[in-house]
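[1] got a predicted structure plus its sequence, pasted below:
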Amino acid sequence: MRIAILSDIHSNLPALESVLAAVEEAGVDQLWCLGDLVGYGADPDACTALIRERCEVCLVGNHDLAVLGELDVSSFSDTAKVAAEWTRRQASQETTGFLRGLSPQMTHRGFGLFHASPSDPIWEYVLSIDQAEAGLDASEQRISLIGHSHISLFFTRPAGPRPVYAHGAQAGDGALLDIDDGAWLLNPGSVGQPRDGDARAAWLELDDEEWTARFHRVPYDIGAAAKAIVDAGLPSSLAERLQVGR
């Protein structure tokens, strides 16, 4: 089965619509979402509705939990706090009700799904080898899908007797991995707010018959997303960062 993995939509409707169009064109069988449907962007209800309609499974992320009032935002940046408070006021009961029924982690079809990491499903950014080693140790599944960092990347540890060490890298558009062997952490990157220097929306195509993972980037109307943020009265820096993918 071919599966599209999405994460970190962050209420960016133009980006999500472009990714969904690319996913449909690719002819995948299912969509899975790793959380953070809302936050930062200006269209929480529309984005949540699309994910609810299209995705087979969905996790809740830290920004979703912040909007629900279930997470302390003291560690958020000032702009993230403002966006969470704005979204809390704007989001419909249908949106918050859907988010409230989700978990930050699950096992599905033999894969581990975590919003952030197997070690800490809500908060941890897996960006270093040490963090990857801890995550691989914590996961009960050979392949785990993670989000949260907004960076398209992978970490892998070959099968074999220890000590065997993990390695990893960022993954550009079209990067294809053979994941038939070893343990893996795969991060699709962010649909709505990439932070790896590529402003295009990101998603991951997973094939659990061929055991491959291919990373994709999709251009979208960044100007429209930025305008929606400014028109909503959200911080202009949230619009500006979309242009540079940071």
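    Cool, got the structure.

[2] wait, residue 159 sits on residue 184?
    No - Residue 159 lies out of contact with residue 184 (Cβ atoms under 8 Å); the separation is 10.9 Å. Every residue, glycine included, has its C-beta placed from N, CA and C.

[3] between the two, which one's more packed in?
    residue 184 (24 against 10; other Cβ atoms under 10 Å).

[4] neighbouring strands - and their directions - for the helix or strand hosting the more buried one?
    Assigned by DSSP states H and E, residue 184 falls within strand 183-188. Using DSSP bridges, the strands paired with strand 183-188 are strand 143-146 (parallel), strand 152-157 (antiparallel).

[5] any idea which of those strands is most buried?
    strand 143-146 (a mean of 25; mean count of other Cβ atoms under 10 Å).

[6] chain center to it, what's the gap?
    On the basis of Cα atoms, centre = their mean, to the nearest Å, strand 143-146 sits 11 Å off its chain's mean C-alpha point.

[7] CA atoms of it as CSV?
    Provided in CSV are the C-alpha atoms of strand 143-146 (Å, rounded to 0.1, in the frame of the first residue of the first chain):
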residue,chain,number,x,y,z
ILE,A,143,9.9,2.2,11.3
SER,A,144,8.6,5.3,13.1
LEU,A,145,7.1,8.4,11.5
ILE,A,146,7.8,11.7,13.3
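
[8] hmm, who's touching that strand?
    With contact meaning Cβ atoms under 8 Å, 6 or more residues apart in numbering, strand 143-146 is reached by 5, 32, 34, 110-118, 126, 135-136, 179, 183-188, 204, 206.

[9] only the buried subset of those, as a PyMOL command please.
    Selection command for PyMOL covering only the buried members of the contacts of strand 143-146, criterion 16 or more other Cβ atoms under 10 Å:
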select buried, resi 5+32+34+111+112+113+114+115+116+117+118+126+135+136+179+183+184+185+186+187+188+204+206
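
[10] so residue 141 touches residue 107, yeah?
    Yes - with contacts counted by Cβ under 8 Å, residue 141 reaches residue 107, the gap being 6.4 Å.

[11] more crowded one of the two?
    Neighbours were counted for residue 141 and for residue 107 using other Cβ under 10 Å; residue 141 has more, 17 against 12.

[12] can you tell me how far the more buried one is from residue 118?
    To residue 118, residue 141 is 8 Å away according to Cβ to Cβ, to the nearest Å.

[13] now swap in residue 107 and tell me
    Distance from residue 107 to residue 118, counting by Cβ to Cβ: 11 Å.

[14] give me the neighbour count for the closest residue to residue 244 other than its chain neighbours.
    Leaving aside its sequence neighbours, residue 244 sits nearest to residue 199 (Cβ to Cβ, 6 or more residues apart in numbering; 6.2 Å). Using other Cβ under 10 Å, residue 199 is surrounded by 18 other residues.

[15] part of a helix, is residue 199?
    No - under DSSP: H, G, I helix; E, B strand; the rest coil, residue 199 falls outside any helix and is assigned coil.

[16] so it sits right up against residue 222, yeah?
    Yes - counting by Cβ under 8 Å, residue 222 is a contact partner of residue 199 at 6.2 Å.

[17] which residues do these two both contact?
    Common neighbours of residue 199 and residue 222 (Cβ under 8 Å, 6+ apart) are 242-243.

[18] now do the phi/psi pair for residue 191.
    phi -70, psi -50 (degrees, to the nearest 10).
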